[in-house]
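> let me see the structure of the following:
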Amino acid sequence: MALSRIGLVANNTSLTGATLTNANAAGTFTVDQGSSNTNIFSDSVNFTANTTHAGTATFTGTANFDNATVSGIGETWNLLGSNNQTLAVNNAYAVNTAVGIITANLPASASIGDVISVHDGFGFAESNNIIIARNGHNIDGLAKDLRVTIDNQGVKFVYISSDRGWITVKSESRNEGNPFLGEIAGFTTGGDTASPNVFTDIIERFPFANQSTSVDTGANLSVARAGGVASISSATHGYSGGGTIPPAAAATTNLEKFSMVSSTDGTVVDELTVATNRTAGISDIRGGNGFVCGGVRTPGGDTAVCERFPFATDTLVDEGLSLSQARRKGSDHSSKTHGYLAGGASPLKNTIDKFPFANVTTTFSSVGALTEARDQSAGLTSETYGYNAGGANASPGVVNSIDSFPFASDTNATDAGNLVVDSRLHYGVSSQTDGYVLGGFNSASSRVSTIQKYSFASFNQSTEHVGDLTTARYDASGHQH
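Reported below is the predicted structural model:
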């Protein structure tokens with residue numbers, strides 16, 4: 001049956017084996033497959049229950065749209081360039097950050113499954129933040145507004161419940177290399193800025209494209225902390241495990257999480273079994289797990305225990321994973337398939353420990369040795385090597401050498417260069433091409449603010465002083481996004 005040049009196909013019409021040409025269909029319109037198993041729609045076939053087609057079209061056979069232009073499916077994109085607009089569900093917004101800081105409001109009412117996307121359309125979000133006002137609903141379970149602070153990035157909101165409110169979803173495109181390596185920026189949190197025990201709660205960020213510009217994001221940790229914090233990174237968040245907090249400069253059990261996608265304050269998501277400082281953090285982004293390993297427990301002293309938490313639940317658990325020996329202040333490294341811890345104390349150690357991400361109930365194996373025993377070093381990670389940078393040895397105390405060891409084979413480390421600013425109690429951040437050593441405490445017993453860059457492209461080189469933190473500090477944590 002062929003119907004052509006029809007002004008209107010009436011409501012609740014059912015057709016079998018139909019070819020429609022220049023037809024308008026209103027209301028509920030059902031097409032069955034017919035004997036030819038093919039329904040062909042040519043020229044202009046419009047479903048016009050209303051302008052957005054609120055009627056129902058049911059296709060049970062093969063519908064041929066080879067010569068058709070299909071529109072109205074998916075989110076509707078809008079340009080947003082003025083303040084205090086209320087965002088509409090099932091809409092996406094490209095924000096004109098070139099005009100200044102933009103504030104937009106989530107809807108006052110929401111239903112489960114509602115979706116809204118917001119994206120920096122002009123590439124100025126770092127200087128001109130996009131502020132998403134929660135408008136009475138929680139965002140990721142928190143009664144706080146959200147900021148987009150990364151150029152050319154965005155966030156998708158999905159409403160799931162009255163308590164969690166709008167959750168944020170971000171898809172990341174990563175290469176087949178090590179997902180631990182950052183693509184966009186490095187972050188530093190906390191640290192010791194003055195004596196005695198003056199700690200900071202800052203969350204600071206520097207873009208890999210311009211390391212000379214490190215800025216306060218405006219967000220803060222829930223509590224100021226320093227004292228050997230485990231630094232862990234997922235694809236979207238940074239975690240700080242343990243460390244030392246005021247007022248008594250005591251070890252803490254806190255596991256804190258902050259967003260590297262938007263400027264929101266950190267929040268404590270779980271607690272270690274025992275208060276621990278001088279600990280280390282290992283990140284398995286492919287497997288979706290973070291690990292807090294070793295350190296000094298209060299009470300208990302030096303420990304070999306590693307506690308795991310899935311990024312999906314942020315719940316710590318002790319499953320029996322342990323270092324080959326109790327240690328504190330070692331450097332941590334995360335390859336695609338294994339976690340590593342090198343050096344440490346007490347006493348000073350030169351061993352390199354390793355465990356497979358596929359077995360989280362095992363004991364680390366000792367697979368090599370550094371060129372000398374040391375602790376308080378920065379851990380850097382490339383696609384193929386781990387780097388133990390600077391730190392302290394028995395004499396003269398502060399060292400500037402950088403050791404490297406391969407992930408492909410279990411061998412001893414070799415000398416791979418030097419720091420231009422000797423320091424210890426500093427922290428490492430790794431991009432896909434470079435490692436960064438941030439802050440620290442130098443041989444003159446002074447805090448430093450330097451950002452030192454080490455290129456992974458070649459060995460036996462010195463770092464380059466490429467920028468500075470907003471404040472000199474040591475004993476902070478480092479993360480990469």
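
> got the contact list for residue 187?
Residue 187 is in contact with 203-205, 238, 260, 429, 478-481, counting by C-beta atoms under 8 Å, 6 or more residues apart in numbering. C-beta: built from backbone N, CA, C; applies to glycine.

> 6 Å - rerun?
With contacts defined as C-beta atoms under 6 Å, 6 or more residues apart in numbering, residue 187 is in contact with 205, 238, 260, 479.

> kindly report the same for residue 448.
Residues near residue 448 by C-beta under 6 Å, 6+ apart: 421, 423, 439-440, 442, 472.

> out of these, grab the one that's most surrounded.
residue 440 (31 neighbours; other C-beta atoms under 10 Å).

> please report how far it lies from residue 271.
According to C-beta to C-beta, to the nearest Å, residue 440 and residue 271 sit 29 Å apart.

> phi, psi of residue 368?
For residue 368, the backbone dihedrals (degrees, to the nearest 10) come out as phi 180, psi -170.

> try residue 98
Dihedral angles of residue 98 (phi, psi; degrees, to the nearest 10) stand at phi -70, psi -20.

> close enough to count as contact, residue 208 and residue 429?
No: counting by C-beta atoms under 6 Å, residue 208 sits too far from residue 429 to count as a contact (9.0 Å).

> in a strand, residue 306, correct?
Yes: counting by DSSP: H, G, I helix; E, B strand; the rest coil, residue 306 is part of a strand.

> and it, how far from residue 292?
Residue 306 sits 7 Å away from residue 292, taking C-beta to C-beta as the criterion.

> need the pLDDT of residue 56.
Per-residue pLDDT puts residue 56 at 47.

> equivalent analysis for the one 3 residues further on, please.
With respect to pLDDT, residue 59 has a value of 52.

> now do the contacts for residue 309.
Counting by C-beta under 6 Å, 6+ apart, residue 309 has contacts 290, 315-316.

> higher neighbour count, residue 208 and residue 429?
For the pair residue 208 and residue 429, the greater number of neighbours falls to residue 429 (31 against 19), based on other C-beta under 10 Å.

> backbone dihedrals for that one, please?
Here is the backbone geometry of residue 429 (degrees, to the nearest 10): phi -130, psi 140.

> which residue, other than its chain neighbours, is closest to residue 124?
Excluding its sequence neighbours, the residue lying closest to residue 124 (C-beta to C-beta, 6 or more residues apart in numbering) is residue 97, at 3.8 Å.

> ok, that neighbour touching residue 123?
No: under the contact definition of C-beta under 6 Å, residue 97 does not touch residue 123, with a separation of 7.1 Å.

> which one's more surrounded, those two?
Using other C-beta under 10 Å, the more surrounded residue of residue 97 and residue 123 is residue 97, with 25 against 13.

> so what pLDDT did the more buried one get?
88.

> can I get the CA coordinates of stretch 270-283 in PDB?
Provided in PDB are the C-alpha atoms of stretch 270-283 (Å, rounded to 0.1, in the frame of the first residue of the first chain):
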ATOM      1  CA  ASP A 270      36.100   7.500  55.300                       C
ATOM      2  CA  GLU A 271      38.600   6.700  58.100                       C
ATOM      3  CA  LEU A 272      41.800   4.600  58.200                       C
ATOM      4  CA  THR A 273      41.800   1.800  60.700                       C
ATOM      5  CA  VAL A 274      44.500   3.600  62.800                       C
ATOM      6  CA  ALA A 275      45.700   7.200  62.700                       C
ATOM      7  CA  THR A 276      48.700   7.300  60.400                       C
ATOM      8  CA  ASN A 277      51.200   9.800  59.100                       C
ATOM      9  CA  ARG A 278      54.300   9.600  56.900                       C
ATOM     10  CA  THR A 279      52.300   7.300  54.700                       C
ATOM     11  CA  ALA A 280      52.300   6.700  50.900                       C
ATOM     12  CA  GLY A 281      49.500   6.600  48.300                       C
ATOM     13  CA  ILE A 282      49.300   4.300  45.200                       C
ATOM     14  CA  SER A 283      46.700   4.800  42.400                       C
END
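
> centre of the chain to that stretch, how far?
Offset of stretch 270-283 from its chain centre (C-alpha atoms, centre = their mean, to the nearest Å): 19 Å.

> and what of stretch 318-328?
Distance, stretch centre to chain centre, for stretch 318-328: 26 Å (C-alpha atoms, centre = their mean).

> quote the end-to-end distance of it.
End-to-end distance for stretch 318-328, by C-alpha to C-alpha, to the nearest Å: 18 Å.

> where does the stretch 151-300 of the chain dip in pLDDT?
Where the stretch 151-300 of the chain drops to pLDDT under 70, the residues are 170-176.

> kindly recompute the last result at 90.
Filtered on pLDDT under 90, the stretch 151-300 of the chain yields the residue ranges 151-154, 169-179, 183, 196-197, 209-213, 227-228, 235, 247-249, 262, 286-287.

> how far does the helix or strand that contains residue 118 sit from the chain's center?
Assigned by DSSP states H and E, residue 118 belongs to strand 115-120. The chain centroid and the centroid of strand 115-120 are separated by 18 Å under C-alpha atoms, centre = their mean.

> packing partners for it?
Applying 3 or more C-beta pairs under 6 Å, 6 or more residues apart in numbering; DSSP states H and E, we find strand 115-120 packed against strand 91-95, strand 154-161.

> for residue 459, find the nearest of the ones you listed.
strand 154-161 (38.7 Å; C-beta to C-beta).

> what's the next secondary structure element after that closest one?
strand 165-169.

> now the element after the strand holding residue 118, going C-ward?
Per DSSP H and E, the first helix or strand lying C-terminal to strand 115-120 is strand 130-133.

> give me the helices and strands touching that next one, please.
Counting contacts by 3+ C-beta pairs under 6 Å, 6+ apart, strand 130-133 packs against strand 102-105, strand 146-148.

> mean neighbour count and distance to residue 454 added to these, as CSV?
Listed next are the helices and strands packed on strand 130-133 as CSV, based on neighbours: other C-beta atoms under 10 Å; distance: least, C-beta to C-beta, whole Å:
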stretch, mean neighbour count, distance to residue 454
strand 102-105, 19, 38
strand 146-148, 24, 31
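
> wait, which of the helices and strands packed on strand 115-120 is closest to residue 127?
strand 91-95 (13.2 Å).

> tell me the helices and strands packed up against the closest one.
Judged by 3+ C-beta pairs under 6 Å, 6+ apart, the packing partners of strand 91-95 are strand 76-80, strand 115-120.
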